[in-house]
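Engineer: here is my input; please provide its structure:
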Amino acid sequence: MGTKVIRKEDLMDAVVRRIYNCSACPLHAGRMNPVPGEGSLDTPVIFVGEGPGEEEDKTGRPFVGRAGQLLTKMLEEVGLKREDVYITNVVKCRPPGNRVPTQQEMNACGHFLLAQIGIINPKVIVTLGGTALSFFLEKKVSITKMRGREIPWIGGKILFPTFHPSYLLRNRATGPGSAYDLAMQDMQKIKGFFDKYKKI
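Structural biologist: Modelled structure (predicted):
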(Lines give C-alpha, C1' and ligand atoms only; values in the text may rest on other atoms or scores of the structure.)
Protein backbone atom coordinates (compact mmCIF):
# COMPACT_ATOMS: atom_id res chain seq x y z
CA MET A 1 0.00 0.00 0.00
CA GLY A 2 1.22 3.50 -0.88
CA THR A 3 1.87 5.99 1.89
CA LYS A 4 -0.71 8.76 1.95
CA VAL A 5 0.99 12.15 2.11
CA ILE A 6 -0.88 14.60 4.29
CA ARG A 7 -0.60 18.08 2.87
CA LYS A 8 0.24 21.06 5.09
CA GLU A 9 -2.78 22.84 3.62
CA ASP A 10 -5.11 20.07 4.81
CA LEU A 11 -3.58 20.11 8.29
CA MET A 12 -3.94 23.91 8.50
CA ASP A 13 -7.53 23.72 7.24
CA ALA A 14 -8.28 21.30 10.10
CA VAL A 15 -6.79 23.74 12.63
CA VAL A 16 -8.76 26.63 11.12
CA ARG A 17 -12.01 24.63 11.39
CA ARG A 18 -11.28 24.00 15.06
CA ILE A 19 -10.64 27.72 15.60
CA TYR A 20 -14.01 28.55 14.02
CA ASN A 21 -15.76 26.06 16.31
CA CYS A 22 -13.87 27.01 19.48
CA SER A 23 -15.68 28.22 22.58
CA ALA A 24 -12.93 27.50 25.12
CA CYS A 25 -12.77 31.06 26.49
CA PRO A 26 -15.21 34.01 26.70
CA LEU A 27 -13.67 35.84 23.73
CA HIS A 28 -15.61 33.70 21.23
CA ALA A 29 -18.89 35.21 22.45
CA GLY A 30 -17.99 38.75 21.36
CA ARG A 31 -16.26 38.10 18.06
CA MET A 32 -17.55 38.84 14.58
CA ASN A 33 -14.92 36.56 13.01
CA PRO A 34 -12.07 34.52 14.40
CA VAL A 35 -8.71 35.40 12.85
CA PRO A 36 -6.69 32.20 12.33
CA GLY A 37 -3.79 33.68 10.35
CA GLU A 38 -2.60 33.79 6.74
CA GLY A 39 0.44 33.48 4.52
CA SER A 40 2.93 30.92 3.28
CA LEU A 41 2.99 27.48 4.92
CA ASP A 42 6.53 26.95 3.59
CA THR A 43 8.08 30.09 5.06
CA PRO A 44 11.07 29.97 7.41
CA VAL A 45 9.71 33.04 9.26
CA ILE A 46 6.38 33.58 11.00
CA PHE A 47 5.12 36.73 12.76
CA VAL A 48 3.05 36.42 15.94
CA GLY A 49 1.12 39.32 17.51
CA GLU A 50 -1.04 39.22 20.62
CA GLY A 51 -4.60 39.31 19.26
CA PRO A 52 -6.88 40.68 16.54
CA GLY A 53 -8.16 44.26 16.60
CA GLU A 54 -11.35 45.82 15.25
CA GLU A 55 -10.49 45.63 11.53
CA GLU A 56 -9.22 42.08 11.91
CA ASP A 57 -12.41 41.07 13.72
CA LYS A 58 -14.47 42.51 10.83
CA THR A 59 -12.46 40.84 8.06
CA GLY A 60 -11.18 37.63 9.68
CA ARG A 61 -7.65 38.55 8.46
CA PRO A 62 -4.64 39.33 10.67
CA PHE A 63 -2.89 42.70 10.75
CA VAL A 64 -5.08 44.61 8.27
CA GLY A 65 -5.78 47.71 10.40
CA ARG A 66 -3.39 50.65 10.79
CA ALA A 67 -0.79 48.54 12.62
CA GLY A 68 -1.05 45.85 9.96
CA GLN A 69 -0.64 48.38 7.14
CA LEU A 70 2.55 49.60 8.83
CA LEU A 71 3.80 46.00 9.17
CA THR A 72 3.12 45.41 5.45
CA LYS A 73 5.02 48.60 4.55
CA MET A 74 7.99 47.62 6.75
CA LEU A 75 8.12 44.17 5.16
CA GLU A 76 8.08 45.73 1.69
CA GLU A 77 10.90 48.12 2.64
CA VAL A 78 13.23 45.15 3.18
CA GLY A 79 12.01 43.25 0.11
CA LEU A 80 9.45 40.91 1.68
CA LYS A 81 5.76 40.53 0.86
CA ARG A 82 3.06 39.46 3.30
CA GLU A 83 2.50 36.30 1.29
CA ASP A 84 6.18 35.35 1.73
CA VAL A 85 5.69 34.88 5.49
CA TYR A 86 2.94 33.66 7.84
CA ILE A 87 1.17 36.16 10.11
CA THR A 88 -0.97 35.21 13.09
CA ASN A 89 -1.66 36.00 16.77
CA VAL A 90 -1.53 34.19 20.09
CA VAL A 91 -5.31 34.53 20.56
CA LYS A 92 -7.56 34.19 17.53
CA CYS A 93 -10.55 36.27 18.70
CA ARG A 94 -10.56 39.99 19.45
CA PRO A 95 -10.33 40.96 23.14
CA PRO A 96 -12.97 43.62 24.00
CA GLY A 97 -11.76 47.16 23.32
CA ASN A 98 -8.49 45.77 21.95
CA ARG A 99 -7.24 45.12 25.47
CA VAL A 100 -4.29 42.81 26.08
CA PRO A 101 -5.38 39.14 26.22
CA THR A 102 -5.37 37.60 29.68
CA GLN A 103 -3.14 34.68 30.62
CA GLN A 104 -6.26 32.47 30.81
CA GLU A 105 -7.26 33.48 27.25
CA MET A 106 -3.75 32.82 25.94
CA ASN A 107 -3.65 29.44 27.72
CA ALA A 108 -7.02 28.49 26.21
CA CYS A 109 -6.02 29.51 22.68
CA GLY A 110 -2.28 28.90 22.57
CA HIS A 111 -2.52 25.28 21.43
CA PHE A 112 -3.83 26.52 18.06
CA LEU A 113 -0.71 28.64 17.61
CA LEU A 114 1.52 25.73 18.61
CA ALA A 115 -0.28 23.52 16.08
CA GLN A 116 0.28 26.15 13.37
CA ILE A 117 3.98 26.32 14.25
CA GLY A 118 4.12 22.51 14.08
CA ILE A 119 2.61 22.52 10.58
CA ILE A 120 4.72 25.35 9.15
CA ASN A 121 7.90 24.38 11.05
CA PRO A 122 9.53 27.82 10.74
CA LYS A 123 13.12 28.48 11.78
CA VAL A 124 12.37 31.95 13.17
CA ILE A 125 9.33 33.14 15.17
CA VAL A 126 9.13 36.94 15.19
CA THR A 127 7.19 38.01 18.27
CA LEU A 128 5.54 41.42 17.85
CA GLY A 129 5.47 43.07 21.28
CA GLY A 130 5.95 41.87 24.84
CA THR A 131 2.69 39.93 25.19
CA ALA A 132 3.50 37.50 22.36
CA LEU A 133 7.05 37.03 23.64
CA SER A 134 5.76 36.42 27.18
CA PHE A 135 3.57 33.61 25.83
CA PHE A 136 6.57 31.76 24.42
CA LEU A 137 8.87 32.39 27.39
CA GLU A 138 6.08 31.70 29.93
CA LYS A 139 7.00 34.79 31.96
CA LYS A 140 6.47 38.55 31.77
CA VAL A 141 9.22 40.29 29.83
CA SER A 142 10.04 43.81 28.66
CA ILE A 143 10.09 44.17 24.88
CA THR A 144 12.43 47.18 25.09
CA LYS A 145 15.02 45.01 26.88
CA MET A 146 14.50 41.91 24.72
CA ARG A 147 13.97 43.23 21.18
CA GLY A 148 16.55 42.35 18.57
CA ARG A 149 17.85 39.31 20.48
CA GLU A 150 17.96 35.79 19.09
CA ILE A 151 16.44 33.57 21.78
CA PRO A 152 16.80 29.78 21.36
CA TRP A 153 13.44 28.00 21.59
CA ILE A 154 12.07 24.46 21.27
CA GLY A 155 13.17 22.32 18.32
CA GLY A 156 16.09 24.48 17.29
CA LYS A 157 13.80 27.42 16.51
CA ILE A 158 14.73 31.04 17.21
CA LEU A 159 12.46 33.59 18.87
CA PHE A 160 13.21 37.07 17.54
CA PRO A 161 11.30 39.80 19.41
CA THR A 162 10.63 43.23 17.95
CA PHE A 163 8.22 46.08 18.64
CA HIS A 164 4.54 45.67 17.82
CA PRO A 165 3.64 48.02 14.95
CA SER A 166 0.91 49.60 17.13
CA TYR A 167 3.69 50.73 19.51
CA LEU A 168 5.44 52.37 16.56
CA LEU A 169 2.22 54.19 15.66
CA ARG A 170 2.11 55.62 19.19
CA ASN A 171 5.82 56.57 19.09
CA ARG A 172 5.98 58.54 15.88
CA ALA A 173 9.69 59.48 15.81
CA THR A 174 11.61 57.85 12.96
CA GLY A 175 15.12 59.30 13.45
CA PRO A 176 18.27 57.36 14.42
CA GLY A 177 17.79 55.42 17.66
CA SER A 178 13.96 55.77 17.57
CA ALA A 179 11.73 52.74 18.09
CA TYR A 180 10.95 52.79 14.35
CA ASP A 181 14.64 52.90 13.46
CA LEU A 182 15.35 49.95 15.78
CA ALA A 183 12.35 48.04 14.38
CA MET A 184 13.64 48.57 10.83
CA GLN A 185 17.05 47.25 11.90
CA ASP A 186 15.19 44.20 13.23
CA MET A 187 13.33 43.89 9.94
CA GLN A 188 16.62 43.85 8.03
CA LYS A 189 17.75 40.97 10.26
CA ILE A 190 14.44 39.19 9.64
CA LYS A 191 15.03 39.48 5.87
CA GLY A 192 18.48 37.99 6.47
CA PHE A 193 16.90 35.06 8.36
CA PHE A 194 14.39 34.61 5.55
CA ASP A 195 17.10 34.46 2.90
CA LYS A 196 19.32 32.18 4.99
CA TYR A 197 16.65 29.64 5.91
CA LYS A 198 14.41 29.81 2.85
CA LYS A 199 13.19 26.31 2.08
CA ILE A 200 14.49 25.15 -1.25
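Engineer: mind checking how far the residue most central in space within the chain is from residue 3?
Structural biologist: In the chain, the residue lying closest to the centroid (C-alpha atoms, centre = their mean) is residue 48, at 1.4 Å. Spatial separation of residue 48 from residue 3 under the definition C-beta to C-beta, to the nearest Å is 32 Å. In short, each C-beta sits where N, CA and C put it, glycine included.
Engineer: residue 13: how many residues sit nearby?
Structural biologist: Each residue near residue 13 was counted by other C-beta atoms under 10 Å, and the total is 12.
Engineer: which strand or helix spans it?
Structural biologist: Under the criterion DSSP states H and E, the helix or strand holding residue 13 is helix 8-20.
Engineer: name the next helix or strand downstream of that helix, please.
Structural biologist: Tracing the chain C-terminally past helix 8-20 and defining elements by DSSP H and E, one meets helix 27-30 next.
Engineer: mind listing what's buried along that next one?
Structural biologist: Judged by neighbour count (16 or more other C-beta atoms under 10 Å), helix 27-30 contains these buried residues: 27-28.
Engineer: also stretch 10-18?
Structural biologist: Taking 16+ other C-beta under 10 Å as the basis for neighbour counts, the residues of stretch 10-18 that come out buried are 11-12, 15-16.
Engineer: and what of stretch 192-199?
Structural biologist: 193-194.
Engineer: please apply the same query to stretch 141-155.
Structural biologist: Buried residues in stretch 141-155, defined by neighbour count with 16+ other C-beta under 10 Å: 141, 143, 146-147, 151, 153.
Engineer: residues in contact with that stretch?
Structural biologist: Taking contacts as C-beta atoms under 8 Å, 6 or more residues apart in numbering, the residues outside stretch 141-155 that touch it are 125, 129-130, 133-134, 136-137, 158-164, 167, 182-183, 185-186, 189.
Engineer: got it, and stretch 63-77?
Structural biologist: 47, 49, 53-56, 62, 81-82, 84-85, 87, 128, 164-166, 168-169, 183-184, 187.
Engineer: show me where this protein has helices.
Structural biologist: If DSSP state H is used as the criterion, the helices of the chain fall at 8-20, 27-30, 54-59, 66-77, 103-120, 130-137, 143-146, 165-170, 179-197.
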